[in-house]
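Q: Any chance you could fold what I've pasted below:
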Amino acid sequence: MHRNMKALLTTSFLSVLLLAKSVDGFLVTRSALKHQSVVKAVDVLNESYTLSPGEVKPILRFGKGNKVKIVNSFGLLTLAVSLATGPIWMLAMMIVEKISEMDENFDPNRAIFDHTGKIWSRVWLTMTSSYPTISGDVDGIRERKGSCLYVANHASWLDIPILCTVLDPVFKFIAKSELEQVPCIGQQLKGGNHILIDRDDRRSQLRTFKEGISWLKKGIPLMAFPEGARSEDGRLMSFKGGIFSMATKAKVPIVPISLSHTHAVMPANSLFPVQPGNRKLHVYVHEPIDPNGKTDDELAVLVQEALLSQMPREQHPLINSAEEKTVEKVST
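A: Numbering: from 1, shown residues only. Next comes the predicted model:
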C-alpha cells in the first residue's frame, strides 16, 4: 500500500512537473526573445516609472497613518491571479513534501520543492504582465560550477519572484523570519530549508551564519539582500554587516544582481503591484567578485559600485550638499 501510494504520487507529480517545465521553458525562451528587442529600446537607467498618488488611483485603503496600505484596480487583478495560482503552487509543494517523507533521497537539497516556486513566480509574473528583461552575465549563472553568494538591492516584495526568473540552479534565500507567516511564500521558505533570520536576535544571526556556511560548503549558492530590509523609496541603503564574511569564510565568489524599478511597480505603501512591470522591470547580473584578500568593507564598496552601475538614477542614494560638491570637484 505504501509503495503503491508512493508510486502514484511520484508518477502524478512527475507528469505535472513535465508539463510545468514545458511551460517554464516557454516562458524563459519568450523572455529571452523579448529581451533582445526591449532592452536595446529602453534605457532603464534613465527612465522613471514611479506613479504619483493621482496616477495610482487607489480604491481601497487599509491601516492608519504612515502604515496605510493601498490597493488599486491593477492590484485587484494581481490578487485574482494570486488566488487562482496560489492553491496550485501549495498543492505542488504538498505533493513534493509527501514524496520526500516517503523517500529521504528523493529531494535532499529541496531543489524540486524550490522549483515549484520558481515555476509559480514565472507564471504569476507573466499573467500579471510583469516578466522582467534580463541582461549581463546570465550564462555565468547557469554554467558556473560550485557555490557562490548572490546579493541584490531590495526595494519591493516583487524582488523575490523576479530573482526566481534568473536564478535557475538550486539556491537558498536568507530572509527575514516574519516571512514565514506569509501564505505560500512562508511555506516555500520553510519547506525549502531556506535560512530565516531575526536581526534583533544575536543567536539567530549566529545560526544564520553557520547555516549559510554549511550550504555554501555543500555547493549550494545563497541569495541575500545586504541592506537587510526593503528600501521605502527604492534607493540603495547602507549594508548590514556579516553577509560578505560568509563568502570569505567559505571561499566562494560574490555575484551582485541589480534590480530596476521594482519599487515603482509595487511600492512600499501598496499591498499588491499598482501597475504592469513589462518594459519597466529589469535584472542585470554582474561578473563575480573574488573575496580573497579583501575585507568586508572593501567588498561592500565593490558590491555597491557594481549594483549602482546598473541601477536607475532615481534608485541611487541621496547625497548631501557637501558630498555633492566633493563629487563635482573630483569630476572636474
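
Q: contacting residues around the residue positioned nearest the centre of the chain?
A: When the chain is reduced to its mean C-alpha position, the closest residue under Cα atoms, centre = their mean turns out to be Ile160, at 2.7 Å. Counting by Cβ atoms under 8 Å, 6 or more residues apart in numbering, Ile160 makes contact with Ser121, Phe173, Ala175, Ile185. C-beta: built from backbone N, CA, C; applies to glycine.

Q: Would you list the phi and psi of the last one?
A: The one in question is Ile185. phi -60, psi -40 (degrees, to the nearest 10).

Q: The third one now?
A: Note on Ala175: backbone dihedrals following degrees, to the nearest 10 are phi -130, psi 160.

Q: in terms of contact, does it touch Arg199 like I think?
A: No. Counting by Cβ atoms under 8 Å, Ala175 sits too far from Arg199 to count as a contact (11.0 Å).

Q: Those two: which has the busier surroundings?
A: Shown here are Ala175 and Arg199; by other Cβ atoms under 10 Å, Ala175 has more neighbours (20 against 14).

Q: How much space separates Glu314 from Asn46?
A: Plainly put, Glu314 is 9 Å away from Asn46 if you go by Cβ to Cβ, to the nearest Å.

Q: Of those two, which one has the most company?
A: The residue with more neighbours, out of Glu314 and Asn46, is Glu314; 18 against 9, by other Cβ under 10 Å.

Q: Strands along the protein, start to end?
A: Per DSSP state E, the chain carries strands over the ranges 60-62, 69-71, 133-136, 149-152, 172-176, 195-197, 222-224, 254-260, 282-285.

Q: Deepest-packed of those, please.
A: strand 149-152 (a mean of 27; mean count of other Cβ atoms under 10 Å).

Q: other SSEs contacting that strand?
A: Under the contact definition 3 or more Cβ pairs under 8 Å, 6 or more residues apart in numbering; DSSP states H and E, strand 149-152 sits against helix 159-163, strand 222-224, helix 243-250, strand 254-260, helix 296-309.

Q: Okay, angle between the fourth one and helix 296-309 too, please.
A: Taking axes from the mean of the first three to the mean of the last three Cα atoms, to 10 degrees, strand 254-260 and helix 296-309 form an angle of 30 degrees between their directions.

Q: quick one, strand 254-260 and helix 243-250 angle?
A: Using the same axes, to 10 degrees: strand 254-260 against helix 243-250 is 150 degrees.

Q: Identify the residues contacting strand 254-260?
A: So strand 254-260 is contacted by 44-45, 137, 140-141, 148-155, 159, 162-163, 166, 244, 247, 280-289, 291, 299, 303, 306-312, 315 (Cβ under 8 Å, 6+ apart).

Q: For it, give the mean pLDDT please.
A: The pLDDT scores in strand 254-260 average 98.

Q: could I get it in PDB with only the CA atoms?
A: Extracted C-alpha coordinates of strand 254-260, given in PDB (Å, rounded to 0.1, in the frame of the first residue of the first chain):
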ATOM      1  CA  ILE A 254      30.100  37.200  -4.700                       C
ATOM      2  CA  VAL A 255      27.700  37.800  -7.600                       C
ATOM      3  CA  PRO A 256      25.900  41.200  -7.500                       C
ATOM      4  CA  ILE A 257      22.500  41.500  -9.200                       C
ATOM      5  CA  SER A 258      20.900  44.900  -9.900                       C
ATOM      6  CA  LEU A 259      17.100  45.100  -9.800                       C
ATOM      7  CA  SER A 260      15.400  48.000 -11.500                       C
END
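
Q: Format the contacts of Ile160 as JSON lines; extra columns: pLDDT and distance to Phe272.
A: What follows is these, written out as JSON lines (pLDDT from 0 to 100; distance: Cβ to Cβ, whole Å):
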{"residue": "Ser121", "pLDDT": "97", "distance to Phe272": "15"}
{"residue": "Phe173", "pLDDT": "96", "distance to Phe272": "21"}
{"residue": "Ala175", "pLDDT": "92", "distance to Phe272": "20"}
{"residue": "Ile185", "pLDDT": "93", "distance to Phe272": "14"}
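
Q: Tell me the one of these nearest Gln275?
A: Ser121 (18.6 Å; Cβ to Cβ).

Q: can you pull the contacts of that closest one?
A: Ile160, Pro161, Ile162, Cys164, Thr165.

Q: Most neighbours among those, please name it.
A: In those, the most neighbours by other Cβ under 10 Å go to Ile162, 28 neighbours.

Q: contacting residues for that one?
A: Counting by Cβ under 8 Å, 6+ apart, Ile162 touches Ser121, Leu125, Pro132, Leu259, Thr262, Leu281, Val283.

Q: Kindly report the same for Pro226.
A: Val151, Phe239, Lys240, Ile243, Phe244, Ala300, Val303.

Q: if you skip the residues just before and after it, what's nearest to it?
A: Phe239 (4.1 Å; Cβ to Cβ, 6 or more residues apart in numbering).
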